[in-house]
Structure formats: structure tokens, C-alpha cells
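# Could you look at this predicted model? Sequence included:
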Amino acid sequence: MTKDPRWDNVVVVDHPLVQHKLSILRDVATGAKEFRELVKELAMLMAYEATRSFQLHETVVTTPITDTTTYVLAGKKVAVIPILRAGLGMVEGILELIPAAKVGHVGLYRDPATLQPVEYYCKLPEDIGDRDVLIVDPMLATGGSAAAAVQFLRDRGAHAISLLVLIAAPEGIDEIVKTCEDVTVYTCAIDSHLNDHGYIVPGLGDAGDRLFGTK
Ligand code: PRP
Ligand code: URA
């Protein structure tokens with residue numbers, strides 16, 4: 001699906017490696033082991049894109065040949081916040097790229113009847129307000145879970161928030177654009193629509209069940 005011009009804060013990570021891995025991830029024949037590896041790799045590639053705007057400052061490095069002025073990260077601190085449970089699959093890949101990041105957890109599940117998010121856990125780094133926050137969850141469907149996670153984080157002082165999802169439904173993007181206008185959404189794909197059970201079409205099925213082999 002092409003990007004709606006109203007979705008200014010939505011970045012589709014359309015790198016060929018990302019699209020290739022996403023195709024394998026979607027395939028119903030992909031087993032839990034490969035699924036987990038792909039989620040980890042995709043998260044790492046997405047973090048590369050989501051950190052593109054991080055500030056640098058100048059420093060001087062002595063190479064074996066001479067001194068040179070070069071650039072290092074300006075010390076910006078990062079928090080990775082997976083939405084339990086499927087978001088857990090994205091954490092390791094991001095930590096490989098940003099090992100100093102702290103990790104907080106927001107526990108939410110979608111009530112299958114109402115599709116409303118239900119909170120059951122929240123533990124965040126104390127200095128969350130000083131950090132660039134990357135909320136991670138493979139699926140953005142109705143957007144209810146992600147919008148609730150953004151609100152929990154805001155209530156606890158977070159303000160620089162990005163949302164990294166592997167697949168988004170247009171309905172979910174609309175919800176985030178409407179309720180979290182200062183949040184940038186990174187996604188590998190914008191799919192067609194939600195089915196009657198709130199699943200993304202074509203999507204990849206239930207991300208949590210495929211990651212953890214629970215069905
Ligand atoms: C899935 C997914 C998101 C949520 C997306 O989690 O990982 O958190 O649904 O749906 P939404 O955009 O309509 O809120 P689920 O509730 O299935 O929990 P799980 O991760 O424990 O499987
Ligand atoms: N949660 C999932 O795991 N998959 C969907 O398609 C929608 C919500």
C-alpha cells in the first residue's frame with residue numbers, strides 16, 4: 001500500500017534486505033526458530049533507520065597516520081521499550097546496535113472480544129524522561145496497544161518517542177497519527193486492512209504465537 005500524504009510522521013523502511021526478510025517472515029511455512037531470527041534482524045535494521053537523526057559532536061582521533069577531527073554520538077541516551085509479549089523479539093537486535101540502551105517493559109494484551117488493550121505490567125528506566133524512547137512491537141493493528149503504551153510512557157515523563165513496528169495496518173497508523181501526533185512511526189510495510197478479528201491482512205498472523213510457538 002502507498003503512504004497516505006497525511007502520514008508525515010510515518011517512515012516505511014523499504015530497504016531491499018528488509019523487504020526480503022519480511023517476505024520470509026510472513027510465510028506461514030517459516031518456523032519459530034527462523035521467525036525469531038528474522039524479527040531480531042529486522043529490528044536491528046529498523047533501529048539503524050530510526051537512529052538516523054541522532055546528534056553527533058566533533059572529536060579528535062589519532063589514527064596511525066595523523067590526528068583527525070571526526071564525529072561521535074553526542075551522548076544521547078536511549079530506552080528500548082518492548083510491548084509484551086511480541087515486542088520482546090525485537091529487543092536483542094536493537095541492543096546489538098545500541099548496547100548502552102536501557103530496557104523497560106510495558107505489558108499489554110488485546111482483549112480478543114473488544115480488541116481493547118489491557119495493561120498488566122509496566123517497569124521503566126527511572127530516567128525515562130532523559131532518553132530517546134523506542135517502543136517496539138511487531139504489529140500495529142488497531143493501534144490501541146501502541147497508543148496506550150505511548151500514553152503510559154508520557155504519563156511517566158517520556159517525550160521523545162518513536163514507534164518501531166514490522167507491519168502496520170492503515171487503521172493503526174491513523175490511530176497513532178490522531179492520538180500521538182509527535183510520535184514517529186517506523187514500519188517495514190503498510191498492509192491492506194484489518195479482518196473481522198482485528199488481524200492485519202495479509203500480515204503474518206499472530207506475532208506472539210509465532211515467536212514463542214504458543215499455537
Ligand atoms: C499483538 C501485537 C500488538 C497488538 C497489536 O499483541 O503484538 O501488541 O496485538 O494490536 P492492536 O494494534 O490492535 O492493539 P497481543 O495482544 O496479541 O499480545 P501478545 O504479544 O502477548 O501475543
Ligand atoms: N496482533 C498480531 O499478532 N497480529 C495481527 O495481525 C494483529 C494483532
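Structure's in. What do you need? Ligands and ions are numbered 1, 2, ... in the order given.
# which residues are contacting stretch 9-26?
Outside stretch 9-26, the residues within contact range by Cβ atoms under 8 Å, 6 or more residues apart in numbering are 3, 30, 34-35, 38-39, 41-42, 45-46, 49-50, 166-168, 173, 177, 181-190, 202-204. Any C-beta I mention is one placed from the backbone N, CA and C, and that applies to glycine too.
# Which ones among those residues map onto helices?
Glu34, Phe35, Leu38, Val39, Glu41, Leu42, Leu45, Met46, Glu49, Ala50, Ile173, Val177 (DSSP state H).
# wait, does stretch 142-150 make contact with ligand 2?
No: using Cβ under 6 Å from any ligand atom, stretch 142-150 stays clear of ligand 2, coming no nearer than 8.0 Å.
# returning to what we had before: so among the ones in helices among the contacts of stretch 9-26, which ones count as buried?
For the ones in helices among the contacts of stretch 9-26, a burial check counting by 16 or more other Cβ atoms under 10 Å picks out Phe35, Leu38, Val39, Glu41, Leu42, Leu45, Met46, Glu49, Ala50, Ile173, Val177.
# Also near ligand 2: which of those residues, exactly?
Of those, not one also sits near ligand 2 (Cβ under 6 Å from any ligand atom).
# As a markdown table, those residues with pLDDT would be great.
Formatted as a markdown table, those follow (pLDDT from 0 to 100):
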| residue | pLDDT |
| --- | --- |
| Phe35 | 98 |
| Leu38 | 98 |
| Val39 | 98 |
| Glu41 | 98 |
| Leu42 | 98 |
| Leu45 | 97 |
| Met46 | 97 |
| Glu49 | 95 |
| Ala50 | 95 |
| Ile173 | 97 |
| Val177 | 96 |
